[in-house]
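Asks: Give me a 3D structure for the following:
(2 chains)
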Amino acid sequence: ELKVEQNPLFLSMQEGKNYTIYCNYSTTSDRLYWYRQDPGKSLESLFVLLSNGAVKQEGRLMASLDTKARLSTLHITAAVHDLSATYFCASMEYGNKLVFGAGTILRVKS
Amino acid sequence: KAGVTQTPRYLIKTRGQQVTLSCSPISGHRSVSWYQQTPGQGLQFLFEYFSETQRNKGNFPGRFSGRQFSNSRSEMNVSTLELGDSALYLCASSRNQGNRDSPLHFGNGTRLTVT
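Replies: Prediction:
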C-alpha cells in the first residue's frame, strides 16, 4: 500500500525567507504531484514531476523529484504572504487514484 | 474552457438520510474520480469512473456509491448518512484513465454537513 508523508505539517515563515517542504513516498513511483489548496477552496495543480531528477519552477516555488530516494521537495524562495495556503504532495497508486500526504499548512507573516 | 463543476456547493442533511452529489467534468474529459477530505483523515480516494464503468474503488463502505453517465457526468450517492460523513467531497476529472503525465483537475467541492 502506497503511503505518502509530508513534513513539516505546519510552517510559519517570515516574508523574504526560504524554506523547503519534504515529501516521502513508500513505493516505487516515477510521478509526483504537488497541489495547493486555499481555505475553503479546491485543489490547484502546481507541478507534475514526471521522472527522476525532474525540476520544475513557477515563480517562487521550485519542485524536484528523486525517485531513488523516493523523495520530492517543494522549495519556497523569498516567501510572500500570497503563498500562504496548504500544500499537498501526492503519488499515483493505480488508475487515477492519488494518495495524498497530510498537507503542509504554510503561513507567511509580514 | 469551463472547469470541473460540482453541485451543490453546500448541503446539510440529517443522520440516516441519503444524499446525491453531482459532478460535470471538463469538456473532453472521460475519467471522473471522487475524493473525500476531512480534517482527521485528509484526502481519501473514493472511486473512479471511466466510460460509465467504475474502474477503481477506495476503502469506503458500500453506503458510498456512484455512477457515470454517457456524457461523462458523474454522481455519487451516500445512503444512511452518519455524522462522520461530514466532509468536503471533491470531484476530479482527467482526459483518460491512468494518464499519469497530467494532473487531475479538481472541482470546488461539495461541503456536506450531517447533523
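Asks: Within range of chain B, give me the residues from chain A.
Replies: Within chain A, the positions adjacent to chain B are A:31, A:33, A:35, A:41-45, A:48, A:50, A:88, A:90, A:92, A:94-103 by CB under 8 Å from any CB of the partner chain. All C-beta atoms are positioned from the backbone trio N, CA, C, and that covers glycine.
Asks: Could I have the buried ones of those residues as ChimeraX selection syntax?
Replies: To isolate the buried members of the residues of chain A next to chain B in ChimeraX, using 16 or more other CB atoms under 10 Å in any protein chain shown:
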select /A:31,33,35,42,43,48,88,90,92,95,96,97,98,99,100,101,102,103
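Asks: got the end-to-end distance for stretch A:79-92?
Replies: For stretch A:79-92, the first-to-last residue distance is 29 Å (CA to CA, to the nearest Å).
Asks: any idea of the mean pLDDT in that stretch?
Replies: For stretch A:79-92, the mean per-residue pLDDT is 96.
Asks: Please apply the same query to stretch B:49-63.
Replies: Here the average pLDDT along stretch B:49-63 is 94.
Asks: try stretch A:8-23
Replies: pLDDT averaged over stretch A:8-23 gives 96.
Asks: now it: how far from the chain's centre is it?
Replies: Its chain's C-alpha centre and that of stretch A:8-23 lie 11 Å apart, by CA atoms, centre = their mean, to the nearest Å.
Asks: Pull the number of nearby residues for the closest residue to B:Ser94 other than its chain neighbours.
Replies: Distances taken as CB to CB, 6 or more residues apart in numbering or on different chains place B:Ser31 nearest to B:Ser94, at 4.7 Å, with adjacent residues excluded. For B:Ser31, the number of neighbouring residues by other CB atoms under 10 Å in any protein chain shown comes to 24.
Asks: Check what pLDDT B:Ser31 gets.
Replies: What the model reports as pLDDT for B:Ser31 is 94.
Asks: Let me see the contact set for it.
Replies: B:Ser31 makes contact with A:Asn96, B:Pro25, B:Glu48, B:Tyr49, B:Phe50, B:Arg55, B:Ser93, B:Ser94, B:Arg95, B:Asn96, B:Gln97, B:Asn99, according to CB atoms under 8 Å, 6 or more residues apart in numbering or on different chains.
Asks: Distance-wise, check the nearest residue to B:Arg67 once chain neighbours are set aside relative to chain A.
Replies: Using CB to CB, 6+ apart and skipping residues adjacent in sequence, the residue nearest B:Arg67 is B:Glu75, 5.7 Å away. Using CB to the nearest CB, to the nearest Å, B:Glu75 is found at 17 Å from chain A.
Asks: which secondary structure elements does the lowest-mean-pLDDT helix or strand in chain B contact?
Replies: Among the helices and strands of chain B, strand B:53-57 carries the lowest confidence by mean pLDDT, DSSP states H and E, at a mean of 92. Contact partners of strand B:53-57 among helices and strands, from 3 or more CB pairs under 8 Å, 6 or more residues apart in numbering or on different chains; DSSP states H and E: strand B:42-50, strand B:64-68.
Asks: What distance do you get for B:Arg9 to chain A?
Replies: Taking CB to the nearest CB as the measure, B:Arg9 falls 10 Å from chain A.
Asks: Equivalent analysis for B:Leu46, please.
Replies: The gap separating B:Leu46 from chain A is 10 Å, by CB to the nearest CB.
Asks: Would you mind finding the most buried of the helices and strands packed on strand B:53-57?
Replies: strand B:42-50 (a mean of 22; mean count of other CB atoms under 10 Å in any protein chain shown).
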